[in-house]
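next one to model:
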Amino acid sequence: MTAASLLSRKSHRPPPALDLQDGMQLPLSRVHELCGQARRTLAVRIAARLLASKSGSASGPIFWITPKWERNQLNTDGLVSLLPPQSLIFLSPLRGEDILWSMEEVLRSGAAPMVVADLPEPPGMTPVRRLHLAAETGTAEGKFRPIGLLLTPGAGGAPGVETRWRMEPQHRAGQTRWQLDRIRARMAPPKSWVLTQ
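Here you go, the predicted model:
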């Protein structure tokens, strides 16, 4: 890009994104953070939407990386109604440093439309930057524009992520619902939604 094009008054096109619903978008080839009690539920919903969209393909696997020592493993029996079983590949690293390494390698390959890493704590700025660069490389050299999802406990706080989302359960008698908040986004203001089953 030239300096003139950067400084022009023409509007810039937004980057390609996965459209979830009602203005909820996740830019492709980037890394996003999901936090809150229902972060895994949100990740599964995003994966289901990606596989159903044009930007995802049923032929591409979703990699789900959870450390071997994590007691709260994903219940695959509960996913059958949302995701086809053959669309998930589970990785269970023994060492903490292998979680982000595995995610980086899958993003860099561009062989999967999404990689989810369930982390015990938010990563630092340098690992997040490496993940963004790996996703960009995967886009240029692979089959997909991969999305990386970092699942972090509590209120999250990973620096350098493209967007940060928090989802908390707000179930009521006879109704399954969640409060979803976009806490941070580079291209959009904070916003809240109520999601139902």
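
for the lengthiest helix in the chain, which positions count as buried?
Scanning the chain for the longest helix, with DSSP state H as the assignment, gives helix 125-141. Buried residues in helix 125-141, counting neighbours by 16 or more other Cβ atoms under 10 Å, are found at 127-128, 130-132, 134-139. Yep, even glycine has a C-beta here, placed from its N, CA and C like the rest.

what about Trp165, which SS state?
Here Trp165 is strand, with the state taken from DSSP: H, G, I helix; E, B strand; the rest coil.

could we number from 707 for the rest of this?
With the count now opening at 707, the last piece we talked about shows up as Trp871.

how about it, nearest residue that isn't a chain neighbour?
Nearest non-adjacent residue to Trp871, counting by Cβ to Cβ, 6 or more residues apart in numbering: Leu740, 5.2 Å away.

A strand includes that neighbour, no?
Yes - assessed with three-state DSSP, Leu740 lies in a strand.

confidence score at it?
Leu740 is assigned a predicted lDDT (pLDDT) of 98.

okay, now it: neighbour count?
Neighbour count for Leu740, taken as other Cβ atoms under 10 Å: 25.

can you check Val750 too?
Neighbours around Val750, by other Cβ under 10 Å: 20.

identify the residues contacting it.
For Val750, the contact set (Cβ atoms under 8 Å, 6 or more residues apart in numbering) comprises 780, 785, 788-789.

same thing but 10 Å
744, 768, 770, 780, 784-785, 788-789, 794, 822 (Cβ atoms under 10 Å, 6 or more residues apart in numbering).

again, but for Thr845
Shown in contact with Thr845 (Cβ under 10 Å, 6+ apart): 722, 734-736, 813, 816, 851-852.

if you set the cut-off to 6 Å instead, what comes out?
By Cβ atoms under 6 Å, 6 or more residues apart in numbering, the contact set of Thr845 is 735, 851.

just the pLDDT for it.
Thr845 carries a pLDDT score of 95 in this model.

from Pro790, how far out is it?
Plainly put, Thr845 is 24 Å away from Pro790 if you go by Cβ to Cβ, to the nearest Å.

tell me where the model's unsure across the protein.
Low-confidence segments of the chain (pLDDT under 70): 707-720, 760-765.

possible to save the buried residues of helix 831-847 as JSON lines with distance to Trp871?
Output for those, formatted as JSON lines (distance: Cβ to Cβ, whole Å):
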{"residue": "Pro833", "distance to Trp871": "19"}
{"residue": "Val834", "distance to Trp871": "15"}
{"residue": "Arg836", "distance to Trp871": "21"}
{"residue": "Leu837", "distance to Trp871": "16"}
{"residue": "His838", "distance to Trp871": "17"}
{"residue": "Ala840", "distance to Trp871": "21"}
{"residue": "Ala841", "distance to Trp871": "17"}
{"residue": "Glu842", "distance to Trp871": "21"}
{"residue": "Thr843", "distance to Trp871": "25"}
{"residue": "Gly844", "distance to Trp871": "22"}
{"residue": "Thr845", "distance to Trp871": "22"}
